[in-house]
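Colleague: what's the 3D shape of this:
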Amino acid sequence: MKPATELTRRPLPSPPAGLEELAESARDYARGAKTAHTLRAYAADWRHFTAWCAHHGLPPLPPDPQVIGLYLAACASDARSRRPTAQTVERRLSGLAWNFRQRGTPMDRSDRHIGEVLAGIRRKHGRPPVQKDALSAEDLIAMVATLGHDLRGLRDRAMLLIGFAGGLRRSELVGLDCGRDQTEDGAGWVEILAGGALLTLRGKTGWREVEIGRGSSEQTCPVAALEVWMRLGRIAHGPLFRRVSRDGKRALAERLTDKHVARLVQQTALQAGVRGDLPEGERRLRFAGHSLRAGLATAAAVEERYVQRQLGHTSAEMTRRYQRRRDRFRVNLTKAAGL
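Modeller: Here you go, the predicted model:
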């Protein structure tokens with residue numbers, strides 16, 4: 001894989017004398033506009049497209065709407081993908097558009113040929129979005145009870161409770177630092193106050209503050225769990241949630257990745273018997289890191305605007321997508337119509 005510095009460096013004219021350093025700073029800011037995860041995905045999209053072009057003897061540059069239309073059709077009918085989805089094809093198209101822009105040859109996504117092919121793919125392969133199940137408070141308490149009391153268990157307990165109570169994304173949870181401006185890769189920091197924990201987060205929509213109040217029970221209080229992890233793990237500076245030594249006795253310096261959150265939710269949900277009415281393989285697919293975020297949105301019995309602010313959504317409609325089963329059949333139009 002090419003490094004992100006190559007992916008984001010588009011051909012630019014040589015800067016005037018004396019502005020070389022400023023030009024390099026501009027490139028650094030451009031590289032930081034996308035997360036490392038997004039850059040890796042866009043790099044994979046470009047490799048896939050250029051390999052397909054090379055196989056068929058087609059030039060990848062400049063962007064040709066007919067070539068792109070053929071490529072999208074190939075992605076949608078790929079025999080190796082048992083269930084091609086319109087969302088996957090659209091994501092690849094977004095990756096191509098970004099790569100073309102970085103190379104100084106923007107792609108016209110509004111071109112009729114691309115639009116018609118994409119519309120046909122949406123019509124044939126479009127499906128409702130697959131959502132992870134939301135965890136209830138009872139589910140979470142059962143999951144936390146499966147964890148041990150060594151450092152690893154204390155860390156994972158704090159992660160589950162803070163992730164749920166804060167309605168956090170996986171990247172926001174593992175990106176937390178103990179304080180402000182402590183690491184280069186940090187996505188926010190935490191302050192422990194008398195009333196609870198105040199999280200300052202850099203999310204998809206910019207910076208926001210998330211308040212996590214203290215719970216009614218010491219055993220399920222997210223702030224108490226966080227304080228125990230920080231005290232016994234001797235976490236005072238740098239990444240908040242980090243790896244633990246093999247013997248479970250020492251907190252190491254390395255920050256956890258967001259994949260740990262997904263694995264943690266899946267494993268503890270299985271061990272706690274959540275959705276025990278389903279086969280194990282299906283149960284595993286039902287839960288991931290987003291189950292914590294959706295769980296808070298569904299379980300919190302407060303006005304919607306408070307949930308929207310906690311999750312950092314710009315619209316109430318987006319918040320409602322996270323509220324699994326919360327308002328289902330609350331308004332019965334059948335009876336209201338007289339039936």
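
Colleague: pLDDT on stretch 38-54, on average?
Modeller: The average pLDDT for stretch 38-54 rounds to 91.

Colleague: what comes up buried for it?
Modeller: L39, A41, Y42, A43, D45, W46, F49, W52, C53 (16 or more other CB atoms under 10 Å). Heads up, the C-betas are built off the backbone N, CA and C, glycines and all.

Colleague: what does stretch 239-258 give?
Modeller: P239, L240, F241, R242, R243, V244, A251, R255, L256.

Colleague: Read off the pLDDT value for the fifth one.
Modeller: pLDDT recorded at R243 is 96.

Colleague: Look up how far E282 lies from the closest residue to R283 other than its chain neighbours.
Modeller: Residue nearest to R283 in three dimensions, not counting chain neighbours: R275, with 5.1 Å by CB to CB, 6 or more residues apart in numbering. Look at R275 and E282: by CB to CB, to the nearest Å, they are 8 Å apart.

Colleague: Would you mind telling me which of the two has the busier surroundings?
Modeller: Shown here are R275 and E282; by other CB atoms under 10 Å, R275 has more neighbours (16 against 10).

Colleague: sec struct for the more buried one, please.
Modeller: coil (DSSP: H, G, I helix; E, B strand; the rest coil).

Colleague: ok, back up a step: got the buried residues of stretch 239-258 as a markdown table, with secondary structure and distance to R293 columns?
Modeller: Formatted as a markdown table, the buried residues of stretch 239-258 follow (DSSP: H, G, I helix; E, B strand; the rest coil; distance: CB to CB, whole Å):
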| residue | secondary structure | distance to R293 |
| --- | --- | --- |
| P239 | strand | 21 |
| L240 | coil | 18 |
| F241 | coil | 16 |
| R242 | strand | 22 |
| R243 | strand | 23 |
| V244 | strand | 24 |
| A251 | strand | 25 |
| R255 | strand | 20 |
| L256 | coil | 17 |
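
Colleague: any idea which of those is the one closest to D108?
Modeller: R255 (40.4 Å; CB to CB).

Colleague: Next one: the closest one from R101, what distance?
Modeller: 31 Å.

Colleague: got it, and A44?
Modeller: 17 Å.

Colleague: got it, and A262?
Modeller: In terms of CB to CB, A262 sits 31 Å off from R101.

Colleague: Please say which of those two ends up with more neighbours.
Modeller: Neighbours per residue, other CB under 10 Å: of A262 and R101, the larger number sits with A262, 17 against 13.

Colleague: circling back to that earlier point, quickly name whichever of the buried residues of stretch 38-54 is closest to H290.
Modeller: A41 (17.4 Å).

Colleague: for the strand or helix carrying that closest one, packing partners?
Modeller: For A41, the host element (DSSP states H and E) is helix 36-56. Here helix 36-56 touches helix 4-7, helix 65-76, helix 86-102, going by 3 or more CB pairs under 8 Å, 6 or more residues apart in numbering; DSSP states H and E.

Colleague: Below-threshold pLDDT in the stretch 101-250 of the chain: ranges please.
Modeller: 127-130, 204-205 (pLDDT under 70).

Colleague: where exactly do the helices run in it?
Modeller: Listed in chain order, the helices of the stretch 101-250 of the chain (DSSP state H, counting those that start in this stretch) span 112-125, 137-144, 151-166, 170-174, 222-232.

Colleague: For the first one, give me every contacting residue.
Modeller: The set of residues that contact helix 112-125 without belonging to it, under CB atoms under 8 Å, 6 or more residues apart in numbering, is 65-66, 68-69, 72-73, 76, 84-86, 89-90, 93, 108-109.

Colleague: Check the second one too.
Modeller: For helix 137-144, contacts defined as CB under 8 Å, 6+ apart pick out 135, 157, 160-161, 164, 220, 265, 268-269, 271-274, 292, 295, 299.
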